[in-house]
Structures are given as structure tokens and as C-alpha cells.
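Asker: Sequence first, predicted coordinates after that:
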Amino acid sequence: DAKTTQPPSMDCAEGRAANLPCNHSTISGNEYVYWYRQIHSQGPQYIIHGLKNNETNEMASLIITEDRKSSTLILPHATLRDTAVYYCIVRAVNAGNMLTFGGGTRLMVKP
Amino acid sequence: NAGVTQTPKFRVLKTGQSMTLLCAQDMNHEYMYWYRQDPGMGLRLIHYSVGEGTTAKGEVPDGYNVSRLKKQNFLLGLESAAPSQTSVYFCASSYPSRGVNQPQHFGDGTRLSIL
């Protein structure tokens, strides 16, 4: 699986959009980009995933650059409950569904 | 619908003791996983199972054994606990990928301390 690089921490004001970047410059053509988050003391929670098109669901939007070497997770209106560690994971579709977690980005949403 | 349930939630062991962590899922998922998470780090895969009666090693399997006798349960065993195994253990489950990406669903973890 391709390696990902994320900033270790970010702050965001409550109600504003949180934009979390992820660099995956060695991504292969068959690898998807996944985002999970882990709220303190809880198990990770799936957010969204995509291959090359932008994706949106009830939780977030995922913007993947045209060359697929980076992506951005967008939480459109961050709340205090969005404070968590966000993990960007790149995985091939036939990799047995295994996930490799890196260090993630610790997002702090402030009032 | 409870999702993924881990038992126990907390446990303190002495070095050399053995114990089994239980993971149960009610989503009829074929795949199940055990991860460990050390302070300030991401999760690391210990063992996983792609179906009843089958198990495989992950990234950090040493010192652990697993069994998947029933589809809904995945057991993680520590035969002789060591302080290095002090960690938070997470279980997860998912449908098989089969070309379609299936998200993993996680339990809330078992916090294990080895003295």
C-alpha cells in the first residue's frame, strides 16, 4: 500500500469548514483513498473513500487531485464533536481489505 | 443492532498470565480483525480472519493466537502476557472486498495492562 503523509495536528473554529490534507504521491492506479477518524477512547469510524472522483456523503466530502497524489477531507461545518484523530489510508481494492494506519491528523475544533 | 462488541472493556494482568479477548459482531460480516494501538500511535494489525475456521497473521502477530470457530466471534488469546503487550486492543469486522471496497466497523476497544 502507498504511504501517506498528514500534518500531525490542525485547529478549526466551530462552524467553519475543516480541510484536512493528505499526501499520497506514490499511489497506484488501483488504490483507493480512505478516511477514518478516531474520537478519544473510541474505535475508529469510517468516514468516506474514493478512487479518483470527488465523493460526498452525510459526514464529509473527499476531494482528490487529478493526478491522485493528494486529497483533502472536508468537514463542511465542524462541531466540537468532530474533534478527533483523522486517518488517511491508501489501499488496493484486492488487498484483503487490510488497513494500515499511520499517525493521522489530530483535529481540534475550538468554540 | 449492537455492531461490534468487545469483552472485557478493561483488564489488568500479571506477567505470565493468560487471557482471551472476545469480539462479537451481529452484522453477518465474513471478515474480522484484531488491532492493537499503543499510546500516540495508529492501529497495527495483529491477526485477521476472512471466514469461519480461517485465520492469518497481520503486521504484529507474535505473542498472540486467534480462533474463529463461529462466524460472529473472533477470539484473541495471550498465552503468556508480557508488559510489552500493554495496549488498547480493537476488533473490527467487514464484508469481504471482492472488488468493492467495504468499510471496517470497529468496537470500542479493550484496555489491557500487564504488570
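Answerer: Cool, got the structure.

Asker: residues touching A:Ile43, list them.
Answerer: Residue A:43: Gly, not Ile. By C-beta atoms under 8 Å, 6 or more residues apart in numbering or on different chains, A:Gly43 lies in contact with B:4, B:90, B:92, B:106-109. (C-beta placed from N, C-alpha, C; glycine too.)

Asker: in what helix or strand does it lie?
Answerer: For A:Gly43, there is no host helix or strand (DSSP states H and E).

Asker: among the contacts of A:Gly43, who's most crowded?
Answerer: Neighbour counts for these (other C-beta atoms under 10 Å in any protein chain shown) peak at B:Ala92, which has 27 neighbours.

Asker: can you pull the contacts of that one?
Answerer: Each residue near B:Ala92 by C-beta under 8 Å, 6+ apart is listed here: A:43-44, B:4, B:32-33, B:35, B:104-107.

Asker: tell me the pLDDT at it?
Answerer: With respect to pLDDT, B:Ala92 has a value of 95.

Asker: now swap in B:Gly99 and tell me
Answerer: Reported pLDDT for B:Gly99: 59.

Asker: same check, this time on A:Leu107
Answerer: 98.

Asker: Specify the local secondary structure of the residue nearest to the spatial centre of chain A.
Answerer: By C-alpha atoms, centre = their mean, the mean C-alpha position of chain A lies nearest to A:Trp35, the distance being 3.5 Å. Secondary structure, DSSP: H, G, I helix; E, B strand; the rest coil: A:Trp35 is strand.

Asker: Same check on A:Cys22?
Answerer: Assigned with three-state DSSP, A:Cys22 falls in the strand class.

Asker: so it touches A:Ile74, yeah?
Answerer: No - here A:Cys22 does not reach A:Ile74: they are 11.8 Å apart, not a contact under C-beta atoms under 8 Å.

Asker: who touches the residue positioned nearest the centre of chain B in this structure?
Answerer: Taking C-alpha atoms, centre = their mean, the centroid of chain B lies closest to B:Trp34, which sits 2.6 Å from it. Contact analysis of B:Trp34 by C-beta under 8 Å, 6+ apart lists B:21, B:23, B:45-48, B:58, B:64, B:66, B:74, B:76, B:89-91.
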